[in-house]
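Asker: My questions concern the predicted model and sequence given below.
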Amino acid sequence: MNFAFYDLETTGISPAFDHPIQFAAIRTDAEFKEIERVNLRCRLAPHIIPSPQALAVTGLRPAQLLDPALLNYFEFTQSLAELVKRWSPAIWTGFNSIRFDEEMLRQAFYQNLQPDIFVTQFNGNTRFDIMTAVYAVWCRRTDLFEWPVDEAGKVRFNLDRLAPLNDFEGHNAHDALGDVEATIFIARKIADQDPDLWAELLSNRNKTHVQSLLESFEPLELVGRFGGGPPQATVGCLCGYSSSNPNQAFFFDLDAADPSKLITAGEERLAVQLEATPRIIRSVSINKSPALLTAHAATEEQSRRARLIADAPEFRERLARVMATRYRQVSDKALLPVEKRIFSGFYNWSDKALLKEFQDADWRHRQEIVSSFEDARLRQLGHRLIAFYANGLLSEGERRKYETWLQERWDAPDQPETEWMTLDKASKAIEEMRVEASHDGAMLDDIERLLADRMGAR
């Protein structure tokens, strides 16, 4: 199957409250031979204050974000959706893509009323993450790479350090296309030097395969970074699934505890044990291509403990109930901002049909469609899009309501629930960056002018 290697540059680090401003991708065959490449950019969405730190990292000038020759954010997501459709089926692959870029894409499609926000997971598409593969290499084949070390002596796994140190030349870091090329280089190196490990990792992009591995109740190695340290492999086995999320499995560390001492424990005691150190159970997202590997060197004791768990379904059920309390979600999702309600249920068939019609309509007809949505999220997001891109269609009352919302958003107080960049946060960030004296002063001046323009637009 073909790969679709991709990377995003964004206005900040919040998938819900920032957005992509560049999408670069290279489609290759299974041997990494290039077939096609794209490099798309868009204008800044009307309601977004970009992170000054993000702009400093990417080197994008504010004028580039406002270039009228670029697609607007809505048109940009239409182009991305069409590209995914044209390149399907493919293995959508990046570096830290499942944790970050995929979430950004989901929100981009959701907030711009694309009918299918999970398009990179369906129609034959799967997902894979080269950062996860690099972690597995660290645990299984440390000799495969030269590993970058920082001034404090800590190994760093950043792409912009790892690729150049291993002879990738001309890496244009913090440019999406440069990062895509570096990611392909790392992927090819793993596949060429340890094809068995590569194949084992790649097979985990299929959640049915991951589920089958787990339900064998054989000892497995789960590779991940826990607590900020270097990647490590935990030998364990399945001990249940989340009652609210079938894609969330629980993985019992066979070295951290002897399950024979917990098999008959009640839920209260289990809850206490789960808070102890070291951690007994870890969460595994079976649909996010985890680094779940066969434990070739499993000990007899590890195998015995795994069999105990396999033969104790009631114990697994109790564990699942206790774990469910740890992952309890907000009970009233209606209180969350619309961006945070992305997973609050699927759309009905009527709304799905209207979403497809919305994408092909003109803005006047889109305004009519918005009022017909049954899902309150779609109505709210749809009204927002009309205000962004067809403001002339709004009534005077609707326009005032939009302007009030925009002002309240940009002037929101700095508190935990304000997850987006505000004018005050951005101004403080610029002040701190000036004190650091390690940033381009002209760039900071440009960002300040952008903020002033936003203030004037209120």
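Answerer: Everything's here; your move.

Asker: Residue 232 and residue 258: what is the separation?
Answerer: To residue 258, residue 232 is 20 Å away according to CB to CB, to the nearest Å. Bear in mind the C-beta positions are built from the backbone N, C-alpha and C, glycine included.

Asker: Walking through the stretch 251-400 of the chain, point out its strands one by one.
Answerer: Counting by DSSP state E, counting those that start in this stretch, the stretch 251-400 of the chain has strands at residues 281-285, 291-294.

Asker: Mean neighbour count, those strands: which tops it?
Answerer: Compared across those, strand 291-294 shows the largest average neighbour count, a mean of 21 (mean count of other CB atoms under 10 Å).

Asker: for that one, packing partners?
Answerer: In terms of contacts (3 or more CB pairs under 8 Å, 6 or more residues apart in numbering; DSSP states H and E), strand 291-294 is packed against helix 130-140, helix 195-203, helix 207-214, strand 220-224.

Asker: among these, which is nearest residue 74?
Answerer: helix 130-140 (30.1 Å; CB to CB).

Asker: quick one on the thing from earlier: so can I have a markdown table of the helices and strands packed on strand 291-294 showing distance to residue 102, mean pLDDT and mean neighbour count?
Answerer: Shown next, in a markdown table, are those (distance: least, CB to CB, whole Å; pLDDT from 0 to 100; neighbours: other CB atoms under 10 Å):
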| stretch | distance to residue 102 | mean pLDDT | mean neighbour count |
| --- | --- | --- | --- |
| helix 130-140 | 12 | 97 | 23 |
| helix 195-203 | 17 | 97 | 16 |
| helix 207-214 | 14 | 96 | 17 |
| strand 220-224 | 17 | 96 | 22 |
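
Asker: of all the ones you listed, which lies closest to residue 344?
Answerer: Nearest of the helices and strands packed on strand 291-294 (CB to CB): helix 207-214, 21.9 Å.

Asker: which residues of the protein score low on pLDDT?
Answerer: Scanning the chain with the threshold set as pLDDT under 70 gives 173-174, 326-334, 456-458.

Asker: that older thread, could you save the strands of the stretch 251-400 of the chain as CSV and add columns showing distance to residue 102?
Answerer: Shown next, in CSV, are the strands of the stretch 251-400 of the chain (distance: least, CB to CB, whole Å):
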stretch, distance to residue 102
strand 281-285, 11
strand 291-294, 16
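
Asker: Include distance to residue 417 when you put the helices and strands packed on strand 291-294 into CSV, please.
Answerer: As requested, these are arranged in CSV below (distance: least, CB to CB, whole Å):
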stretch, distance to residue 417
helix 130-140, 30
helix 195-203, 38
helix 207-214, 33
strand 220-224, 29
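
Asker: Kindly state which of those is positioned closest to residue 78.
Answerer: Among those, the nearest to residue 78 by CB to CB is helix 130-140 (27.7 Å).

Asker: Which residues does the next helix or strand after the closest one contact?
Answerer: Downstream of helix 130-140, the next assigned helix or strand under DSSP states H and E is helix 159-165. Residues from elsewhere that reach helix 159-165, judged by CB atoms under 8 Å, 6 or more residues apart in numbering: 95, 131, 134, 145-148, 156, 171, 173-174, 179, 182-183, 185-186.

Asker: From those residues, list the buried ones, please.
Answerer: Listed as buried from the contacts of helix 159-165 are 95, 131, 134, 145, 147-148, 171, 179, 182-183, 185-186; burial here means 16 or more other CB atoms under 10 Å.

Asker: ok, of these, which one's closest to residue 11?
Answerer: Ranked by distance to residue 11 (CB to CB), the buried ones among the contacts of helix 159-165 are led by residue 179 at 16.7 Å.

Asker: So that closest one is in contact with residue 7, correct?
Answerer: Yes - assessed by CB atoms under 8 Å, residue 179 is found in contact with residue 7 at 4.2 Å.

Asker: Thank you kindly, that will do.
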